[in-house]
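In: Could you look at this predicted model? Sequence included:
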Amino acid sequence: SILAVGVLYFKDLNPFTRDKTKQLASLNLWGKIIVATIPAGVMGVLFDDMIVARLQGPMVIASALAFYGLLYIILEKRHARRTSFRVTDSIESLTYRHAFLLGLFQVLALIPGTSRSGSTVLGGLIIGLSRPLSANFSFFMAIPVIAGATLLKMLKLGLSYSANEWMIMLAGGGTAFIISLFVMKRLRAFLKTHTFIGFGYYRIALAVLILIAEGVFA
């Protein structure tokens, strides 16, 4: 997934270009990505084990799915009514303050059932970013977060994998790269003309299915 982001946004993320203007823009973008990563990075290191031990379970997941699904619907309908509402719609206009606030929203993704990209995109809508910009910066934020989380898990499990296990991970990584690249391209195009209302209803429906499976309505 990280590699897919790098390929899709190479021009924005490449700090080694000979064009000084593009180089400065890329370094500035990386600075914002780092700032956005700090809150979730700190909280993840400090509380990852506690969250896994205490917050895992279908009820927590269903509650998070339903809550954020409802929030998606409310925010999108509010934005539709506010025709004069100004939004930040370019990566150059995104400030370090925006980046830090998105980092705080990303902390919510530590709760099971809360999508990392979902929480940051919602955060973007709340603080006045456009849907495409919120999604794009969410992809950028995924690079250090996913890399750090993967490394942390690997260190906890130990790095002594067999050749067969390495092959399985490489095959899985290759599959994830292809699928992620396809999905991100489609999502970028989708968000230019669509809202997240459908995704909100999808999350609520999934939450209901989980509750039914758990026998809550029995």
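Out: On my side now, so go ahead.
In: any idea how far the residue nearest to Ala40 when sequence neighbours are not counted is from Gly148?
Out: Using C-beta to C-beta, 6 or more residues apart in numbering and skipping the chain neighbours, the partner closest in space to Ala40 is Gln106 (4.4 Å). Using the backbone N, CA and C atoms, a C-beta is placed for each residue, glycine as well. As for Gln106, its distance to Gly148 is 12 Å (criterion: C-beta to C-beta, to the nearest Å).
In: Give the residues shared as contacts by these two.
Out: Thr37 (C-beta atoms under 8 Å, 6 or more residues apart in numbering).
In: Wait, the residue nearest to Ala40 touches Ile38, no?
Out: No: using C-beta atoms under 8 Å, Gln106 makes no contact with Ile38, being 9.9 Å away.
In: Looking at these two, which one has more neighbours?
Out: Gln106 (27 against 15; other C-beta atoms under 10 Å).
In: any idea which element that one lies in?
Out: helix 96-107 (DSSP states H and E).
In: for stretch 23-36, which positions count as buried?
Out: By 16 or more other C-beta atoms under 10 Å, the buried positions in stretch 23-36 come out as Ala25, Ser26, Leu29, Trp30, Lys32, Ile33, Val35, Ala36.
In: in which helix or strand would I find the first one?
Out: With the criterion set as DSSP H and E, the secondary-structure element containing Ala25 is helix 20-54.
In: Report the angle between the helix or strand of the chain with the lowest mean pLDDT and helix 96-107.
Out: In the chain, no helix or strand scores lower on mean pLDDT, DSSP states H and E than helix 131-157, which sits at a mean of 82. Here the directions of helix 131-157 and helix 96-107 differ by 50 degrees (axes from the mean of the first three to the mean of the last three C-alpha atoms, to 10 degrees).
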